[in-house]
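*Asks:* Sequence and predicted structure below; questions after.
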Amino acid sequence: DTGVSQDPRHKITKRGQNVTFRCDPISEHNRLYWYRQTLGQGPEFLTYFQNEAQLEKSRLLSDRFSAERPKGSFSTLEIQRTEQGDSAMYLCASSLSWRGEQYFGPGTRLTVT
Amino acid sequence: RKEVEQDPGPFNVPEGATVAFNCTYSNSASQSFFWYRQDCRKEPKLLMSVYSSGNEDGRFTAQLNRASQYISLLIRDSKLSDSATYLCVVNKDGNKLVFGAGTILRVKS
């Protein structure tokens, strides 16, 4: 399967714990995006990378959130001191270029109890 | 006002019907436009890009009116498998996608 992959698919954690998600983009894609989706809403942009450079961060990305793409390949999204409001589906997407079509991974569903 | 607005539906239609979804966007500088389809608890999947000249892919036709900032999707001969949420999407700066909240379609036999 050469699509976008994400791990884990599901994560249940207690409030206050740290969690980390991984995304592996389509191999030739140099752009990688993170989105968050809550029930009944469309995905909302969090941040994106071109190669290893993080070029934009949404105001939704509080200081508890950090994302990396150390070698321009896979990316990680870490949430520190999780809160119940962080419960959502975290989606990763990749594209070949700017303005290009973005292809999504299956998402990581986070539940904070 | 939301950047991308869609009628949430649901649209309940019989098999074989033609159904149309509309969407408006607020940023006139938006650069590219898409329809995505999302099944329950799954990721969004690209259905089609939308071009100013209009474009068709099988039973699906998309139209863009830049002057009115309006995007549409027409589905002909609806199938049960078309039941899903359809997301209108705008790429306003060449980078991030801005999604509408989605329109629910239910096709019934």
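*Replies:* Thanks, I have it.

*Asks:* Chain neighbours aside, what residue packs nearest to the residue of chain B found nearest chain A?
*Replies:* Minimum separation of chain B from chain A (Cβ to the nearest Cβ) falls at B:Phe99, amounting to 2.9 Å. Bear in mind the C-beta positions are built from the backbone N, C-alpha and C, glycine included. Spatial nearest neighbour of B:Phe99, excluding adjacent residues (Cβ to Cβ, 6 or more residues apart in numbering or on different chains): A:Gly42 at 2.9 Å.

*Asks:* any idea how far the one you found lies from A:Glu68?
*Replies:* 26 Å (Cβ to Cβ, to the nearest Å).

*Asks:* Between the two, which has more neighbouring residues?
*Replies:* Remark: of A:Gly42 and A:Glu68, A:Gly42 carries more neighbours, 23 against 14, as counted by other Cβ atoms under 10 Å in any protein chain shown.

*Asks:* Can you tell me the SS state at the more buried one?
*Replies:* Counting by DSSP: H, G, I helix; E, B strand; the rest coil, the backbone at A:Gly42 sits in coil.

*Asks:* per-residue confidence for B:Lys92?
*Replies:* You'll see B:Lys92 listed with a pLDDT of 79.

*Asks:* can you pull out the strands in chain B?
*Replies:* Remark: strands assigned in chain B by DSSP state E are B:4-6, B:11-14, B:19-25, B:32-38, B:45-50, B:55-57, B:60-65, B:70-75, B:84-91, B:97-99, B:103-108.

*Asks:* Rebuild the ones you listed as a markdown table, extending it with mean neighbour count.
*Replies:* Output for those, formatted as a markdown table (neighbours: other Cβ atoms under 10 Å in any protein chain shown):
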| stretch | mean neighbour count |
| --- | --- |
| strand B:4-6 | 21 |
| strand B:11-14 | 14 |
| strand B:19-25 | 19 |
| strand B:32-38 | 21 |
| strand B:45-50 | 18 |
| strand B:55-57 | 12 |
| strand B:60-65 | 18 |
| strand B:70-75 | 19 |
| strand B:84-91 | 24 |
| strand B:97-99 | 24 |
| strand B:103-108 | 18 |
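
*Asks:* how about these in CSV, adding distance to A:Arg15?
*Replies:* Output for the strands of chain B, formatted as CSV (distance: least, Cβ to Cβ, whole Å):
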stretch, distance to A:Arg15
strand B:4-6, 32
strand B:11-14, 39
strand B:19-25, 37
strand B:32-38, 28
strand B:45-50, 33
strand B:55-57, 45
strand B:60-65, 43
strand B:70-75, 40
strand B:84-91, 30
strand B:97-99, 28
strand B:103-108, 32
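
*Asks:* from the middle of its chain, how far away would stretch B:61-73 be?
*Replies:* In terms of Cα atoms, centre = their mean, to the nearest Å, the centre of stretch B:61-73 is set 10 Å apart from its chain centre.

*Asks:* What is the end-to-end distance of that stretch?
*Replies:* As for stretch B:61-73, its first-to-last residue distance stands at 6 Å under the measure Cα to Cα, to the nearest Å.

*Asks:* which outside residues touch it?
*Replies:* The contact list for stretch B:61-73 (Cβ atoms under 8 Å, 6 or more residues apart in numbering or on different chains) reads B:20-26, B:28, B:30, B:33, B:35, B:47-52, B:54-56, B:60, B:74, B:76, B:86, B:88, B:90.
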